[in-house]
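>>> Here is a sequence together with a model predicted from it:
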Protein chains: 2
Amino acid sequence: MATRNIKEVAQLARVSVGTVSNVLNRPEIVSPATRERVFEAIKKLGFVRNEVARHLRVGRSRTVGLVVLDVSNPFFVDVAQGAESVADDHDSMVVLCNSAGDPGRERRHLDQLEQQRVMGILITPVEMESPWLEELAARGTPVVLVDSPATGLQCSVAVDDRLGGQIAGAHLIERGHRRIMFVGGPTSIRQVADRHAGISSAVAAADGAVELLTSTAPTLTVAEGRAVGERVAALPADERPTAAFCANDMMALGFLQAMATHGLRVPEDLAIIGYDDIDFAAAAAVPLSSIRQPRELLGRTAIDLLLEEVADPEQHRHRQVIFQPDLVIRESSAFDRRS
Amino acid sequence: MATRNIKEVAQLARVSVGTVSNVLNRPEIVSPATRERVFEAIKKLGFVRNEVARHLRVGRSRTVGLVVLDVSNPFFVDVAQGAESVADDHDSMVVLCNSAGDPGRERRHLDQLEQQRVMGILITPVEMESPWLEELAARGTPVVLVDSPATGLQCSVAVDDRLGGQIAGAHLIERGHRRIMFVGGPTSIRQVADRHAGISSAVAAADGAVELLTSTAPTLTVAEGRAVGERVAALPADERPTAAFCANDMMALGFLQAMATHGLRVPEDLAIIGYDDIDFAAAAAVPLSSIRQPRELLGRTAIDLLLEEVADPEQHRHRQVIFQPDLVIRESSAFDRRS
DNA sequence: TTGAGAGTTTGAGACGATTCAAAAGAATCT
DNA sequence: AGATTCTTTTGAATCGTCTCAAACTCTCAA
């Protein structure tokens, strides 16, 4: 409707447009009297600066794109919150995009973000190899990979998933489990593959004393976790694993539910350990043990790297930050089979 | 770095900038030969259209802002996904902002969105009365209230929370509960107040046969739900309610956990019913009964109303859409006390 | 040969803010 | 008063794209 521009403000305050712009951007160089007059005009007209025009002129955007694999997984929401808190301090804005694991959607989001000339993009890529991303970066949009180690050509933040798997495995073995199941997803997802490799190495270190079963579901959802749980619950007790390591907490929650509906006690009949340590893990009826990732820190660090690159593109050297996961023991694995 | 513009493309293709623009926007009016030449130049240079300049020129934005109360509540994530699916079909983009229940943050987000001259704003306001929003709308940014009935000056989509509370109450009473607790939050939140009013009316309809306790927590989080649960579990059995109606599923999950840690059986010792029916409700160890809201539909409808207004601002009449909630009975309330 | 008409292409303004060299004004000193 | 310096204010140019009236090319008919 009635969107006012700088010119109308200038007219009403009887100054030039340059002066209005100065009031907006460097008020200290404008004399107090004029400044006051301009502010009044702004207030009276309900003027709101047009960031689009500003962006076009100065060439710098104030928004950062964050493309995640699955917004309905609280893990990514927490990463986003971390990023946003940093952006806030630089009065920038994070726009959250959901690729939902679909390369097509991911690409459409990237296109849109590039067209908007965002300051940069943080992304958990759907696929490991992504020439698209490299071209994007080459054309001048800084990219930081999140939860995905870069090949060296880009900045990245990640958590050592292999170590996470290893820790989970070691923990279960130490509690006396000798038949463990890895409840995973498609191995095309790097995170899943690494976590599996991790627990495998822990099992290997146990020198043949421990058996590792593996189930692969198409997606890392609560429903899939439940489905696997149903199948496990249906097994005769002597074929059933005594512990399950789930590729993420969503699956672990589903798995846990299946145990409950079939009257299997957790952790006595079957121990469970998840991954991510989302808030819902601690909130489960049997609080879930989990491999904790520094979720918000991941987001924070990613945007820090981005801002660093934007601040000084010449000097900037790409860095790969890797965090270590933690084991959080809760009730779902708090049972020692050896005793 | 090397962001190319339309002029460079025109030069390489040896046409005018007008022609390049035509190729981009109305390819059918350009002769096939020229069109081809322009496409080649675009490809060769890696040209990506600058949406900022386009926006400035045509005055129409392709993005919609969505400001929610709490991104970590999956309810809002689902609303967002609904909105996004519609936006997708209109090649627009939804930018998700989190007010986290803080009026200051809300306002900063609104400012930013208005400065970006977004197409419109969908918002679950922190406070019921919001002159800010009205001014925003008056200045020309269409606003649709989400999960909050409008006063008539704006479009809105909401769910009848009073009815939801009533349904929950009726259900529990019908199952023989005579001592029910409402586990709520601050009554300044309209949703909470309405849900409480709803169950109160159901209790009143039971003619003094039923007693309603009320607890109010400062926020609607898992942690608060757990805290209330702890207190309830500590009560002597004869003072303890036999059922709890929680203001949302997050609280219900926390409450449920407290029951589990204190060895109280759900639903035998205490029935629980939540609100929202987020996916985690069904995924709880004791699957939660809940009042279902059409979460995605809420988001879809909100953006539909917005697009309608944008398409024809003159003709547009503001509308208030209200949906009805549903009762979803699961195990957490599946126990008849009368038997 | 000329004119009409259809099909293409052109290029000069916008859009709204920022920037910066230069002009104007005010203050200080000789 | 005139010269010098410092403080304010001005306004034209610019960012990249779209729009639209005008110009240009053909073809065909008169």
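Nice, I can see it. Numbering: from 1, shown residues only, chains lettered A, B, ... in the order given.
>>> Give me the three-state assignment for A:Ile180.
Three-state assignment for A:Ile180 (DSSP: H, G, I helix; E, B strand; the rest coil): strand.
>>> Skipping its backbone neighbours, what lies nearest it in space?
Leaving aside its sequence neighbours, A:Ile180 sits nearest to A:Ala243 (Cβ to Cβ, 6 or more residues apart in numbering or on different chains; 4.8 Å). Just so you know, the C-beta spots here come from the backbone N, C-alpha and C atoms, and that holds for glycine as well.
>>> and that neighbour, what pLDDT?
Predicted confidence (pLDDT) at A:Ala243: the value is 97.
>>> Over to A:Asn73?
As predicted, A:Asn73 sits at a pLDDT of 94.
>>> With the one 4 residues further on instead?
Reading off the per-residue confidence, A:Val77 sits at a pLDDT of 95.
>>> for the one 10 residues further on, same thing?
If you check A:Ala87, the pLDDT there is 95.
>>> I'd say it and A:Arg300 touch.
No - in this structure A:Ala87 lies outside contact range of A:Arg300 using Cβ atoms under 8 Å: 9.7 Å.
>>> Backbone torsions only: list them for whatever residue of the stretch 151-300 of chain A ends up closest to DNA strand D.
Proximity of the stretch 151-300 of chain A to DNA strand D (Cβ to the nearest atom of the strand) peaks at A:Gln154, 24.3 Å away. Note on A:Gln154: its backbone torsions stand at phi -140, psi 170 [degrees, to the nearest 10].
>>> List the residues that contact it.
A:133-134, A:137, A:143-145, A:318 (Cβ atoms under 8 Å, 6 or more residues apart in numbering or on different chains).
>>> The same query, at a cut-off of 10 Å, please.
Neighbour list for A:Gln154: A:123, A:133-134, A:137, A:142-145, A:148, A:305, A:309, A:318-320 [criterion: Cβ atoms under 10 Å, 6 or more residues apart in numbering or on different chains].
>>> Which one of these sits in the busiest neighbourhood?
Of all these, the most densely surrounded is A:Val144 (30 neighbours; neighbours counted as other Cβ atoms under 10 Å in any protein chain shown).
>>> Just the element for that one, please.
Using DSSP states H and E, A:Val144 maps to strand A:143-146.
>>> what number of residues lie near the residue in the stretch 101-250 of chain A that DNA strand C sits nearest to?
Nearest to DNA strand C in the stretch 101-250 of chain A, going by Cβ to the nearest atom of the strand, is A:Arg117, at a distance of 13.3 Å. A:Arg117 is flanked by 21 other residues according to other Cβ under 10 Å.
>>> SS state for A:Gly176?
A:Gly176 carries the three-state label coil when classified by three-state DSSP.
>>> Quick check: residues of the stretch 201-339 of chain A near chain B?
With the criterion set to Cβ under 10 Å from any Cβ of the partner chain, the stretch 201-339 of chain A comes near chain B through A:221-223, A:225-226, A:250, A:253-254, A:256-261, A:266, A:278-280, A:282-287, A:313, A:331.
>>> Give me the PyMOL select line for these, limited to the buried ones.
Of these, the buried ones go into a single PyMOL selection, burial set by 16 or more other Cβ atoms under 10 Å in any protein chain shown:
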select buried, chain A and resi 221+222+225+226+250+253+254+256+257+258+259+260+261+266+278+279+280+282+283+284+285+286+287+331
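>>> Which residue in the contacts of A:Gln154 has the weakest pLDDT?
For those, the weakest pLDDT value sits at A:Ser148, with 85.
>>> ok, for A:Leu288, nearest residue in space, not its chain neighbours?
Closest to A:Leu288 by Cβ to Cβ, 6+ apart is A:Ala281, at 4.1 Å.
>>> quick check, that neighbour in a strand?
No - using three-state DSSP, the assignment for A:Ala281 is helix, not a strand.
>>> I figured A:Gly18 hits A:Val9, correct?
No - with contact taken as Cβ atoms under 10 Å, A:Gly18 and A:Val9 are classed as non-touching, separated by 11.9 Å.
>>> These two: which is more packed in?
A count of neighbours by other Cβ under 10 Å puts A:Val9 above the other of A:Gly18 and A:Val9, at 26 against 10.
>>> Extract the C-alpha set from the strand or helix carrying that one and format it as CSV.
Element membership of A:Val9 [criterion: DSSP H and E] is helix A:6-13. What follows is helix A:6-13 as a C-alpha-only set of coordinates in CSV (Å, rounded to 0.1, in the frame of the first residue of the first chain):
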residue,chain,number,x,y,z
ILE,A,6,13.6,7.9,1.5
LYS,A,7,12.6,10.6,-0.9
GLU,A,8,9.2,11.3,0.8
VAL,A,9,11.0,11.4,4.1
ALA,A,10,13.5,13.9,2.7
GLN,A,11,10.7,16.1,1.3
LEU,A,12,8.8,16.2,4.6
ALA,A,13,11.9,16.9,6.6
